[in-house]
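# Pasting a predicted model and its sequence here:
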Amino acid sequence: MPRIPLIDTDSTLTAEQRRVVDGILGRRGGRIPGPYRFALHCPEVTELWHPLGEILRLKSTFPLRLSELAILITAREWDCDYVFQAHAKHALEGGLAQSAIDALAANQRPAFEKEDEEALYDYCTELFRNHAIGDATYERAKNLFGVPGVVELTALIGYYGMVAMTLLAHQMPLPQGVKPPLSRRG
């Protein structure tokens, strides 16, 4: 049970919430994604948050396989089942191996066959776990993705960290019938 009410199109909305919801629905095809259903309690925040998410996820310079890998790594690092279950199918559709998704869910390092996936994984996990990135890991990512790429990658995982924190803090339930995909840390 969520800690605060989930806002949806059937909710009684303030004029400001209605304006923001209409903007989201106009770009999202009639659906309000999970985190915005909490964020709409502060419509001004949601109004800024939504376009950033669109740029980072839907207009990424990374192929879907890599951007979704970054999102799954973030979900794993935050132990956020909601984000992981929502994005695992997109990662698979984008070409990420099921074995990589399964390893992440089990809190294991995937056996990557592609250098760009391994470099992205190392970059993200070092930043999450060490609050820093070693020079060799940083240079490898920068050489593969370019300066704009490492800036975008850092923003992407920061954004999904904010999404995960929002969902975890307010206890977003998984969709009905969905089991938590992430193994618990020991």
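In hand now; what should we look at? Residues are numbered from 1 along each chain as shown.
# Local confidence estimate at the nearest residue to Gly95 once chain neighbours are set aside?
Nearest-residue entry for Gly95: Arg65, 4.1 Å, with adjacent residues in sequence omitted and distances by C-beta to C-beta, 6 or more residues apart in numbering. For every residue, glycine as well, the C-beta is placed using N, CA and C. You'll see Arg65 listed with a pLDDT of 97.
# what do you get for Glu118?
98.
# one step back: give the contact list for the residue nearest to Gly95.
By C-beta atoms under 8 Å, 6 or more residues apart in numbering, the residues touching Arg65 are 91, 94-96, 117.
# Could you verify my assumption that Thr14 touches His41?
No: Thr14 is not in contact with His41 according to C-beta atoms under 8 Å; the separation is 10.1 Å.
# Among these two, which residue is more densely surrounded?
For Thr14 versus His41, neighbours defined as other C-beta atoms under 10 Å are more numerous around His41 (14 against 11).
# before we move on, what SS does the more buried one have?
coil (DSSP: H, G, I helix; E, B strand; the rest coil).
# any idea how far it is from Ile71?
The spacing between His41 and Ile71, counted by C-beta to C-beta, to the nearest Å, is 24 Å.
# do Val20 as well
Per C-beta to C-beta, Val20 is found 23 Å from Ile71.
# Please list only the buried members of the contacts of Arg65.
91, 94, 96, 117 (16 or more other C-beta atoms under 10 Å).
# can you point me to the longest helix in this structure?
Across the chain, the longest stretch assigned as helix under DSSP state H is helix 135-169.
# got the buried residues for that helix?
137-138, 140-141, 144-145, 149-150, 152-154, 156-157, 159-164, 166-167.
# ok, now stretch 35-45?
Those would be 35-40, 43, for stretch 35-45 by 16+ other C-beta under 10 Å.
# Which residues does that stretch contact?
Taking C-beta under 8 Å, 6+ apart as the rule, stretch 35-45 contacts 2, 4-8, 13-14, 16-17, 19-21, 24, 32, 46, 49-50, 163, 166-167, 170, 172.
# can you do 6 Å?
Defining contact as C-beta atoms under 6 Å, 6 or more residues apart in numbering, one finds that stretch 35-45 is touched by 6-7, 16-17, 20, 46, 49, 163, 166-167, 170.
# Pull the most distant pair out of those residues.
Glu16 and Leu167 (22.7 Å; C-beta to C-beta).
# So for stretch 30-50, mean pLDDT?
89.
# ok, so what distance separates Ile133 from Tyr82?
27 Å.
# Who has more neighbours out of the two?
Tyr82 (24 against 20).
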